[in-house]
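> sharing a model prediction with you, sequence too.
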Amino acid sequence: MQQHESKVTALQSALAGGGSGAFTRAVAQPLDVLKIRFQLQLEPIQRGSKYSSIFQAVTSIVREEGLSTLWSGHIPAQLLSITYGVLQFTTFEELTRACQYASPQFYNTHRHSIIFSNGAIAASVATIFSFPFDTVRTRLIAEQKTQRAYNGFIHAATTMVKTEGPLALFKGLVPTLGQIAPHAGIQFAVYKLFTDNVLTKVQYFQRSDTVKSGTIESSLSANLIAGSIAGFVSKTAIYPCDLMKKRMQIQGFQQHRSSFGRQMYCNGLLDCVRLTITEEGFWSLYKGYGASVFKAVLVSALHFAVYDELKHFLMRVQI
């Protein structure tokens, strides 16, 4: 089977990655809002708490803060997703092309290990450049809309820089890099394993309109299935790091969340982990896991499938 990754250009990767990120974010933003609200709640997720279930959380947010709250922070979230998608997929494709050209035999022998490492590197690069958007959108999601601290994305970013310093935009970067490398590595490796070595063995999952004759490409349904599995596996593996990241990103912002219940004040990553476990129990590291893994399955499926569809289209029209 010929592999067509090396045929895609940097421009095609960038356009497909940006389009995939924008589409996926627009669809999944409400799930992200739910996930973050659950992650930041110190009280147990049970009856009597601010948020006790996904359905209760949705109805509570809409009733108290309005339907638009489910798309809180959507502008910085879109900037995050587009920037991340462009850099992640372009870096991954370029690294893969370099590995293929440097030593085709070594690449074919160690294909899945190379995909894992390239995915990890690509995600780390994309994370560093897009991280300020992530911090700002977390603040916008975390605030209660009846007691606003910020008047939109620009005001939030400038206020954070003025009152907390430029490094405030990078709060939680360390645990993020700690989770994003293995997360993306697992995601790419699992996705490619299923699209290249499992599902494409079945004729039903083979694309009929291939870009180049002689290639075997996975269909849209195969990409959605593989993306879903990749999202579930990768999110489950690194979830506690994601929770720590969110809790660190709101340090210095707790006074604007008093109506949500108790607030955590920590000094760094290790202190955040210690306080979370001692005050809430070990399984609190998986608070919001239900909404998060549902979002991860949806986002990963759409992210990879839309990217491959856009890439396939751009390769056919030679953009």
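Now that the structure is in, tell me what you want to look at. Quantities reported herein were computed from a predicted structural model and do not represent experimental measurements.
> how about the longest helix belonging to the chain: buried residues?
The helix that spans the most residues within the chain, counting by DSSP state H, is helix 111-142. Neighbour-count burial for helix 111-142 flags 111, 114-127, 130-142 (criterion: 16 or more other CB atoms under 10 Å). All C-beta atoms are positioned from the backbone trio N, CA, C, and that covers glycine.
> give the contact list for residue 150.
139, 140, 143, 156, 159 (CB atoms under 8 Å, 6 or more residues apart in numbering).
> actually residue 121, not the one I typed
Contacts for residue 121 (CB under 8 Å, 6+ apart) come out as 91, 95, 181.
> if you set the cut-off to 7 Å instead, what comes out?
Neighbouring residues of residue 121 by CB atoms under 7 Å, 6 or more residues apart in numbering: 91, 95.
> what of residue 141?
Counting by CB under 7 Å, 6+ apart, residue 141 makes contact with 33, 36, 72, 73.
> redo that, cut-off 8 Å
Contacts of residue 141 by CB under 8 Å, 6+ apart are 32, 33, 36, 37, 72, 73.
> need those in a markdown table (columns: distance to residue 13 and secondary structure).
Below are the contacts of residue 141 laid out as a markdown table (distance: CB to CB, whole Å; DSSP: H, G, I helix; E, B strand; the rest coil):
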| residue | distance to residue 13 | secondary structure |
| --- | --- | --- |
| 32 | 24 | helix |
| 33 | 29 | helix |
| 36 | 29 | helix |
| 37 | 34 | helix |
| 72 | 30 | coil |
| 73 | 27 | coil |
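> among those, name the buried ones.
Buried among the contacts of residue 141 (16+ other CB under 10 Å): 32, 33, 36, 37, 72, 73.
> what's the first helix or strand after the longest helix of the chain?
helix 153-164 (DSSP states H and E).
> buried residues of that following helix, list them for me.
Those would be 153, 156, 157, 159, 160, for helix 153-164 by 16+ other CB under 10 Å.
> distance check, the first one against residue 79.
Same thing as residue 153. In this view, residue 153 and residue 79 are 8 Å apart by CB to CB, to the nearest Å.
> list of residues touching stretch 77-86?
With CB under 8 Å, 6+ apart, stretch 77-86 has contacts from 14, 17-22, 24-26, 29, 32, 126-127, 129-130, 133-134, 137, 153, 303, 307.
> how about 6 Å then?
14, 17, 18, 20, 21, 22, 25, 126, 130, 133, 134, 137 (CB atoms under 6 Å, 6 or more residues apart in numbering).
> mind giving me JSON lines with those and columns for pLDDT and distance to residue 102?
Putting the contacts of stretch 77-86 into JSON lines (pLDDT from 0 to 100; distance: CB to CB, whole Å) gives the following:
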{"residue": "14", "pLDDT": "93", "distance to residue 102": "23"}
{"residue": "17", "pLDDT": "93", "distance to residue 102": "23"}
{"residue": "18", "pLDDT": "93", "distance to residue 102": "28"}
{"residue": "20", "pLDDT": "93", "distance to residue 102": "27"}
{"residue": "21", "pLDDT": "91", "distance to residue 102": "29"}
{"residue": "22", "pLDDT": "92", "distance to residue 102": "33"}
{"residue": "25", "pLDDT": "88", "distance to residue 102": "34"}
{"residue": "126", "pLDDT": "95", "distance to residue 102": "23"}
{"residue": "130", "pLDDT": "94", "distance to residue 102": "28"}
{"residue": "133", "pLDDT": "92", "distance to residue 102": "34"}
{"residue": "134", "pLDDT": "89", "distance to residue 102": "33"}
{"residue": "137", "pLDDT": "86", "distance to residue 102": "38"}
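> just those now: which is nearest residue 63?
Comparing the contacts of stretch 77-86 against residue 63 with CB to CB picks out residue 137 as the nearest, at 22.8 Å.
> that closest one: what's its closest spatial neighbour, skipping adjacent residues?
Once flanking residues are discounted, residue 137 sits nearest to residue 73: 3.4 Å by CB to CB, 6 or more residues apart in numbering.
> returning to that earlier point: which two from the buried ones among the contacts of residue 141 end up farthest apart in space?
The most widely separated members of the buried ones among the contacts of residue 141, counting by CB to CB, are 37 and 73 (11.8 Å).
> list the contacts for residue 109?
Residue 109 neighbours (CB under 6 Å, 6+ apart): none.
> torsion angles phi and psi at it?
phi -70, psi -40 (degrees, to the nearest 10).
> quick check: it vs residue 50, distance?
53 Å.
> who's in contact with residue 134?
residue 80 are the contacts of residue 134 under CB under 6 Å, 6+ apart.
> ok, now how distant is it from residue 171?
10 Å.
> ok, residue 105 next?
Distance from residue 105 to residue 171, by CB to CB: 45 Å.
> check residue 130 too.
Distance from residue 130 to residue 171, counting by CB to CB: 15 Å.
> likewise for residue 217?
Counting by CB to CB - residue 217 and residue 171 are separated by 42 Å.
> all good on my end, thank you.
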